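test case, fold it:
(4 chains)
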There are 2 protein chains.
Amino acid sequence: MTQAGTGTPRERYRAQVRAEIKEHAREQIATAGASALSLNAIAKRMGMSGPALYRYFAGRDELITELVRDAYRSLADTFRAAAGSGADLAGLAHTMRSWALADPQRYFLVFGTPVPGYHAPADVTQIAAETMAVILDACAGPADEGGGPTAFEAHLDGHRQWAGGHPAPPAALHRALSFWTRLHGVLSLELAGHFAGMGFDPALLFAAELDDLTAH
Amino acid sequence: MTQAGTGTPRERYRAQVRAEIKEHAREQIATAGASALSLNAIAKRMGMSGPALYRYFAGRDELITELVRDAYRSLADTFRAAAGSGADLAGLAHTMRSWALADPQRYFLVFGTPVPGYHAPADVTQIAAETMAVILDACAGPADEGGGPTAFEAHLDGHRQWAGGHPAPPAALHRALSFWTRLHGVLSLELAGHFAGMGFDPALLFAAELDDLTAH
DNA sequence: GACCGCGGTGATAACCTCTCACTCAATCTT
DNA sequence: AAGATTGAGTGAGAGGTTATCACCGCGGTC
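Model (predicted):
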């Protein structure tokens, strides 16, 4: 959060009301999912009439987009903080899992089912790139084994604009991508409840995937 | 599909209209997502008035549940057919990828963001178990390497009710779970468009993950 | 002290799901 | 064959939603 006490009193009030609206929206999404977010319900709970909210957000879409942006930023900040505390790849994985379990709907806001027409604004892809840079840093650490790059790693080396100029070697690019997709595979199925009646402990599956990732 | 020409003319008509409603719903979901499914719009496109649809489905939820059930069944049937044609683990993986790419929204109907309150009916978890059984069959094929089961595999061996009495060895249980989560990790991110601006070919990432899975 | 910007309101339009009373035709029974 | 019953379809309507509009009144500004 940037300095709370900036600007004119009007601007401060406006920022405070915007934050309060977002807070109610987060609460509502956490309990009933993003599709059940209702501007009217938020307004009523804040003691205002419905149309008043349109002074603060252009519509439902803009409010949700704002929450998505916050979720991306929260993930990026959490990752950077963990990396700043000296977390290695395993540490980042556990950071990611904790972040996901703390608020599953926030995770789905970032990685969940997309709406076909929707295109994320440019700045959230930039925030996602920040997150990826942290992962790439952690992946570049361990030394590559002897063998040359595989065919896929050569392909990644030739299409590395998504790395944003990060100087990671091809094997690290591959490792970062696997890190992302494998952890997401376990986490998304766990949060979606697909492991619910199965009996085993999702945390152990997560740990096993992580082991395979770092041991390889 | 069970025999189309069964029962009284009334029942045949009813089944036909139900199928037509579901067809329009699928179309609508494929282009705008499940959250944009509108009973009124379907009714209008079929030349009926809104409330007429409630003769065929108790409400929006039941229609969506029916589509989810169909999606699960389609996946299970596709898997069984592939296994019946002698597909190994790699063949099943490509079957899964083709099935997902053919209709991304259908994939999200099964593996997408869940609605917090919603609980899937018992029969879809049964269909999911059928699918898992096919995967377990394919995983039990390759002989285990020498070493004994890891700690996680011992845990899986002690909590194997999700395997439905399948006699797969502990290593196969682990392999099946990894197969599922890793492919889902790549597929869901690809279908959600998270690889869109990155430049590399998702098919190659999928193949690389599959390679690691079968080579291990 | 006059003025303008902005927050908030009620009314309204256009959707949505879903219920109800009712009509009418097809089917089944006697 | 005539009557009774079942079920499909309708229009009206309740209650919810997003979103726009004209209007009111207060606070900060010139």
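
three-state assignment of A:Thr113?
coil (DSSP: H, G, I helix; E, B strand; the rest coil).

can you tell me how far it is from DNA strand D?
Distance of A:Thr113 to DNA strand D, computed by CB to the nearest atom of the strand, to the nearest Å: 19 Å. The C-beta positions use only the backbone N, C-alpha and C, and glycine is treated the same way.

how many neighbours does that residue have?
As a burial measure, A:Thr113 scores 24 neighbours (other CB atoms under 10 Å in any protein chain shown).

ditto for the one 10 residues further on
By other CB under 10 Å, the residues close to A:Asp123 number 11.

what lies in contact with stretch A:49-60?
A:Arg14, A:Val17, A:Arg18, A:Ile21, A:Leu37, A:Leu39, A:Asn40, A:Ile42, A:Ala43, A:Lys44, A:Leu63, A:Glu66 (CB atoms under 8 Å, 6 or more residues apart in numbering or on different chains).

OK, now which residue of chain A is nearest to chain B?
Nearest residue of chain A to chain B (CB to the nearest CB) works out as A:Gly185 at 2.7 Å.

ok, and of the contacts of stretch A:49-60, which contact DNA strand C?
Contacts with DNA strand C within the contacts of stretch A:49-60, as defined by CB under 7 Å from any atom of the strand: A:Arg14, A:Val17.

and A:Leu210, what does it touch?
Applying CB under 8 Å, 6+ apart to A:Leu210 gives the contacts A:Ala90, A:Ala93, A:Leu183.

so what's the closest residue to the second one other than its chain neighbours scoring on pLDDT?
With CB to CB, 6 or more residues apart in numbering or on different chains as the measure, A:Leu210 is the residue that lies nearest to A:Ala93, at 4.9 Å, once sequence neighbours are left out. The pLDDT attached to A:Leu210 in the predicted structure is 98.

quick one: A:Leu210 from DNA strand C, how far?
Going from A:Leu210 to DNA strand C by CB to the nearest atom of the strand gives 42 Å.

picking up where we left off before, mind putting the contacts of A:Leu210 into CSV with pLDDT, neighbour count and secondary structure?
Shown next, in CSV, are those (pLDDT from 0 to 100; neighbours: other CB atoms under 10 Å in any protein chain shown; DSSP: H, G, I helix; E, B strand; the rest coil):
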residue, pLDDT, neighbour count, secondary structure
A:Ala90, 98, 14, helix
A:Ala93, 98, 25, helix
A:Leu183, 98, 23, helix
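
among the residues you listed, which one sits closest to A:Thr125?
Nearest to A:Thr125 out of the contacts of A:Leu210 is A:Leu183 (CB to CB; 19.8 Å).

residues in contact with the closest one?
Taking CB under 8 Å, 6+ apart as the criterion, A:Leu183 is in contact with A:Ala93, A:Met96, A:Arg97, A:Phe206, A:Glu209, A:Leu210, B:Gly185.

filter those by proximity to DNA strand D?
Counting by CB under 7 Å from any atom of the strand, nothing from the contacts of A:Leu183 sits close to DNA strand D.

could I get those residues as a markdown table with distance to A:Asp103 and secondary structure?
Shown next, in a markdown table, are these (distance: CB to CB, whole Å; DSSP: H, G, I helix; E, B strand; the rest coil):
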| residue | distance to A:Asp103 | secondary structure |
| --- | --- | --- |
| A:Ala93 | 18 | helix |
| A:Met96 | 13 | helix |
| A:Arg97 | 12 | helix |
| A:Phe206 | 17 | helix |
| A:Glu209 | 22 | helix |
| A:Leu210 | 21 | helix |
| B:Gly185 | 20 | helix |
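
need those residues in JSON lines (columns: distance to B:Arg160).
Listed next are the contacts of A:Leu183 as JSON lines, based on distance: CB to CB, whole Å:
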{"residue": "A:Ala93", "distance to B:Arg160": "26"}
{"residue": "A:Met96", "distance to B:Arg160": "28"}
{"residue": "A:Arg97", "distance to B:Arg160": "24"}
{"residue": "A:Phe206", "distance to B:Arg160": "19"}
{"residue": "A:Glu209", "distance to B:Arg160": "19"}
{"residue": "A:Leu210", "distance to B:Arg160": "22"}
{"residue": "B:Gly185", "distance to B:Arg160": "23"}
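
among these, name the buried ones.
Neighbour counting by 16 or more other CB atoms under 10 Å in any protein chain shown classes A:Ala93, A:Met96, A:Arg97, A:Phe206, A:Glu209, A:Leu210, B:Gly185 among the contacts of A:Leu183 as buried.

just the residues you listed now: which is nearest B:Arg80?
Checking the buried ones among the contacts of A:Leu183 against B:Arg80 by CB to CB gives B:Gly185 as the nearest, at 23.8 Å.

that closest one and A:Phe179 touch, don't they?
No: counting by CB atoms under 8 Å, B:Gly185 stays clear of A:Phe179, with 10.1 Å between them.

hang on, the residue of chain A closest to chain B packs against B:Phe179?
No: judged on CB under 8 Å, A:Gly185 makes no contact with B:Phe179 at a distance of 10.1 Å.

what about A:Tyr118, neighbour count?
Residues near A:Tyr118, counting by other CB under 10 Å: 12.

one step back: find the nearest non-adjacent residue to the residue of chain A closest to chain B, please.
Using CB to CB, 6+ apart, the closest residue to A:Gly185 is B:Gly185 (2.7 Å).

quick one: contacts for that neighbour?
When contacts are counted by CB under 8 Å, 6+ apart, B:Gly185 touches A:Trp180, A:Thr181, A:Arg182, A:Leu183, A:His184, A:Gly185, A:Val186, A:Ser188, B:Glu209.
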